[in-house]
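Asks: missing the sequence, but the structure's below:
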């Protein structure tokens, strides 16, 4: 690498979540430095990460403190050290928004957060969005879900809790497709409507979505509840969002006396899923075409981290309040 190949550089303070860096140009390499870890000399803390185009997603070369000294050792995130593998760096090109190839799953659990077994988790990370296909969970086939608890080349779990378990154990003939890195990218090529996983009988009722939503407090949405899902008293009601979390929001309606919501079982297939439909993109109602006529595509990288402190310590996204520096560039031929 030479200094004259640098296209962009910067710094940020980690919030403990994956960091997306949007770059002004295509990128061939990136170096990341955790200044906090470099200064602290904490054992097993990562200090630098180097990624080059052609490396696998969520990987990078890494330097780390093998002891509580300034000395460094070398590995890759995927190989790992101290008995663990670590998050790395992933190229993100949102101009490529087609579903990934079908990947086999060999089983799926009958639970309200089903776990799917697969020998190939591909580029899945916590927060990724997948589409389930051709499994014995016929009531889930064709629907998109946020995932979590990804165990490399072993399994992944559907992140948001269904009102009812699928009802059957998935057979070996199923597949999944990678759809998007997260809900923000998903919104670029899907309407911001969301299918519903559950609605509580409570005052106020709380909605859980299959894919994490990006709704904000004060936003107006319409709730669609077909007969197969129960709680038809809520069908077609216009409600005001109070955001509770990435997949949940309350609706300001007392649903205590309503019929219980259920996620339809295979016997109900085919059915129309319950759905949240935004009326306005924000609280002012004035942005119904938000992003619809704007090219929001970008090229960048994801600096991964983890909710597990030990994994975050060795990953380029860092832990909360870490000071991170980064440099990205192009390559040239001699």
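Replies: Yep, it's here. These figures come from a predicted structure and were not determined experimentally.

Asks: and the nearest residue to residue 306 once chain neighbours are set aside, which of the three is it?
Replies: Ranked by Cβ to Cβ, 6 or more residues apart in numbering and with sequence neighbours excluded, the top spatial neighbour of residue 306 is residue 312, at 4.7 Å. The C-beta positions use only the backbone N, C-alpha and C, and glycine is treated the same way. Residue 312 falls in the helix class when you classify it by DSSP: H, G, I helix; E, B strand; the rest coil.

Asks: pLDDT wise, what is the residue most central in space within the chain at?
Replies: Nearest to the geometric centre of the chain sits residue 127, at 1.9 Å (Cα atoms, centre = their mean). pLDDT recorded at residue 127 is 88.

Asks: ok, now residue 190?
Replies: 61.

Asks: host element of residue 179?
Replies: strand 174-180 (DSSP states H and E).

Asks: what count of nearby residues applies to the closest residue in space to residue 72 that isn't next to it in sequence?
Replies: Using Cβ to Cβ, 6+ apart and skipping residues adjacent in sequence, the residue nearest residue 72 is residue 63, 4.3 Å away. Residue 63 is surrounded by 17 other residues when neighbours are defined as other Cβ atoms under 10 Å.

Asks: checking residue 63 next. Helix, strand or coil?
Replies: Residue 63 ends up strand, using three-state DSSP.

Asks: what are the boundaries of the helices in the stretch 151-300 of the chain?
Replies: Using DSSP state H, counting those that start in this stretch, the helices found in the stretch 151-300 of the chain span residues 183-186.

Asks: for it, give me the ranges with low pLDDT.
Replies: 189-191, 280-296 (pLDDT under 70).

Asks: let me know whether the residue nearest to residue 306 touches residue 318 as I believe.
Replies: Yes. Residue 312 lies in contact with residue 318 (Cβ atoms under 8 Å); the separation is 6.7 Å.

Asks: residues contacting residue 202?
Replies: Counting by Cβ atoms under 8 Å, 6 or more residues apart in numbering, residue 202 touches 254, 255, 256.

Asks: cutoff 7 Å now
Replies: Counting by Cβ atoms under 7 Å, 6 or more residues apart in numbering, residue 202 makes contact with 255, 256.

Asks: quick one: residue 246 and residue 79, what's the gap?
Replies: If you measure residue 246 against residue 79 using Cβ to Cβ, to the nearest Å, the figure is 31 Å.

Asks: between those two, which is the more surrounded one?
Replies: residue 246 (17 against 12).

Asks: number of nearby residues for the residue lying closest to the more buried one once chain neighbours are set aside?
Replies: Once flanking residues are discounted, residue 246 sits nearest to residue 212: 4.3 Å by Cβ to Cβ, 6+ apart. The tally of other residues near residue 212 (other Cβ under 10 Å) stands at 21.

Asks: relative to residue 162, how far out is residue 212?
Replies: 15 Å.

Asks: over to residue 262?
Replies: Taking Cβ to Cβ, one finds residue 262 at 9 Å from residue 162.

Asks: more crowded one of those two?
Replies: residue 162 (21 against 17).

Asks: that one reaches residue 112, doesn't it?
Replies: Yes. Here residue 162 reaches residue 112: they are 4.6 Å apart, a contact under Cβ atoms under 7 Å.

Asks: what's the burial count for the closest residue in space to residue 157 that isn't next to it in sequence?
Replies: Nearest non-adjacent residue to residue 157, counting by Cβ to Cβ, 6+ apart: residue 149, 4.0 Å away. By other Cβ under 10 Å, the residues close to residue 149 number 12.

Asks: cool, and residue 120?
Replies: Neighbours around residue 120, by other Cβ under 10 Å: 13.

Asks: got a list of what it touches?
Replies: Counting by Cβ under 7 Å, 6+ apart, residue 120 has contacts 103, 153.

Asks: tell me which element it is part of?
Replies: Going by DSSP H and E, residue 120 is not part of any helix or strand.

Asks: pretty sure residue 314 is touching residue 46, no?
Replies: Yes. Using Cβ under 7 Å, residue 314 is in contact with residue 46, at 4.2 Å.

Asks: any common contacting residues for those two?
Replies: 62, 64, 86.

Asks: mark which of these are buried, thanks.
Replies: Neighbour counting with 16 or more other Cβ atoms under 10 Å marks 62, 64, 86 as buried within the shared contacts of residue 314 and residue 46.
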